[in-house]
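In: Can you look at this prediction? I've put the sequence above it.
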Amino acid sequence: MAKHTKAMLVSNIAKRVGESKKTTASVVTAFIEEIQKALRSGDKVSLVGFGTYGVRMRAARKGKNPRTRQTLNIPAKVVPYFKAGKGLKDLVKNTKIKA
């Protein structure tokens, strides 16, 4: 399975829409920053057919240090999540993945 980087994404979008890579990179960066801004303020970002970005609270819990087996308290924290939408799920449903 190949790794798709931001640079590759910018290059592919630039070719597809006929814009320069510099302009496309600015748009992609702005898009990512807007999602980050919304998540920072606790909002959800829904892209119909693709998915939803959001944040949720992860509860405090007890864990163990695997090296020393000592019990530790892991504090509660806010974490980002992504939930794939129906369109994305249907698109990748029959995708073959190389092991």
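Out: On my side now, so go ahead.
In: which SS class is the residue nearest in space to the middle of the chain?
Out: Nearest to the geometric centre of the chain sits F82, at 5.9 Å (CA atoms, centre = their mean). Secondary structure, DSSP: H, G, I helix; E, B strand; the rest coil: F82 is strand.
In: Quick check: the gap between it and Q36.
Out: 13 Å (CB to CB, to the nearest Å). No exception for glycine: its C-beta is placed from N, CA and C like everyone else's.
In: pretty sure the residue nearest to the centre of the chain contacts G51?
Out: Yes. Counting by CB atoms under 8 Å, F82 touches G51, with 5.7 Å between them.
In: List the buried residues for the longest helix along the chain?
Out: What stands out as the longest helix in the chain, according to DSSP state H, is helix 21-40. Buried positions in helix 21-40, judged by neighbour count with 16 or more other CB atoms under 10 Å: T24, A25, V28, L39.
In: got it, and stretch 4-13?
Out: For stretch 4-13, by 16+ other CB under 10 Å, it's V10.
In: same check, this time on stretch 68-86
Out: Neighbour-count burial for stretch 68-86, counted by 16+ other CB under 10 Å, picks out G85.
In: neighbouring contacts of that stretch?
Out: With contact meaning CB atoms under 8 Å, 6 or more residues apart in numbering, stretch 68-86 is reached by 39, 47-65.
In: again, but for stretch 23-41
Out: For stretch 23-41, contacts defined as CB under 8 Å, 6+ apart pick out 6, 9-10, 13-14, 17, 19, 44-45, 53-55, 80.
In: 7 Å instead, please
Out: Here stretch 23-41 makes contact (CB atoms under 7 Å, 6 or more residues apart in numbering) with K6, L9, V10, I13, A14, V45, Y53, V55, P80.
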